[in-house]
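> What shape does this take:
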Amino acid sequence: MTVGPDGKPKVREFGNVKSPLRGRGFSRTAPEISSELEPLADVTTTDKEVKVVVEMPGVTKSNIKISAYNNSVEVQTTDSAEGKYHEVIDLPEEADIETARSTYNNGILEIIFKKKDQINPTGKQIKVD
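Numbers count the residues shown, from 1 in each chain. Take a look at the predicted model:
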């Protein structure tokens, strides 16, 4: 659980049970169960990099597949003793996916992106005829 900029708590789901209350009012439907587990993931930023930390115990690194997109990174695993993991994690705009590197040790996957250089948009004067 984290606290958003508006001061309201944000609770992330963990595991393979999806709450029927997610983002809506109360519902009387049963929770949705998936065969894939959602690992706990945190995104932190510093002045120079964006770091994604994902907890995936019981997985060997040869079973981990990571795909980076412009605004997200997808982490998934093939069969493991603990089950299959799958999560799509939103990235800040400044994460440069071309510089991604990752390590996996003792059930913790770390993916590090360098921040893009801040490029100020250049303008052009247009003459009015």
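
> Looking at stretch 98-111 now, give me its mean pLDDT.
For stretch 98-111, mean pLDDT rounds to 94.

> and it, how far apart are its ends?
End-to-end distance for stretch 98-111: 12 Å, by CA to CA, to the nearest Å.

> list the buried ones in it?
Going by neighbour count (16 or more other CB atoms under 10 Å), the buried part of stretch 98-111 is 100, 102, 104, 109, 111. The C-beta positions use only the backbone N, C-alpha and C, and glycine is treated the same way.

> Contacts for whichever strand or helix holds Y104 next, please.
In the assignment (DSSP states H and E), Y104 maps to strand 95-105. The contact list for strand 95-105 (CB atoms under 8 Å, 6 or more residues apart in numbering) reads 50, 56, 59, 61, 64, 66, 68-70, 73, 91, 109-116.

> got a list of what the residue nearest to I64 when sequence neighbours are not counted touches?
Among residues not flanking I64 along the chain, T77 sits closest, at 5.5 Å (CB to CB, 6 or more residues apart in numbering). Neighbouring residues of T77 by CB under 8 Å, 6+ apart: 56, 59, 63-65, 84-86.

> Check these for burial and list the buried ones.
56, 59, 63-64, 84-86.

> Now, the contacts of T77 that are in strands?
64-65, 84-86 (DSSP state E).

> Off-centre distance for the helix or strand hosting V50?
Using DSSP H and E, the element containing V50 is strand 49-55. On the basis of CA atoms, centre = their mean, to the nearest Å, strand 49-55 is displaced by 8 Å from the centre of the chain it belongs to.

> per-residue confidence averaged over it?
95.

> quick one: buried residues of it?
Those would be 49-50, 52-54, for strand 49-55 by 16+ other CB under 10 Å.

> State the pair within those residues that is farthest apart.
Pairwise distances across the buried residues of strand 49-55 peak at 16.0 Å for E49 and V54 (criterion: CB to CB).

> Including distance to S35, could the contacts of T77 go into a markdown table?
Converted to a markdown table, the contacts of T77 look like this (distance: CB to CB, whole Å):
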| residue | distance to S35 |
| --- | --- |
| M56 | 16 |
| V59 | 16 |
| N63 | 16 |
| I64 | 18 |
| K65 | 17 |
| K84 | 7 |
| Y85 | 11 |
| H86 | 9 |
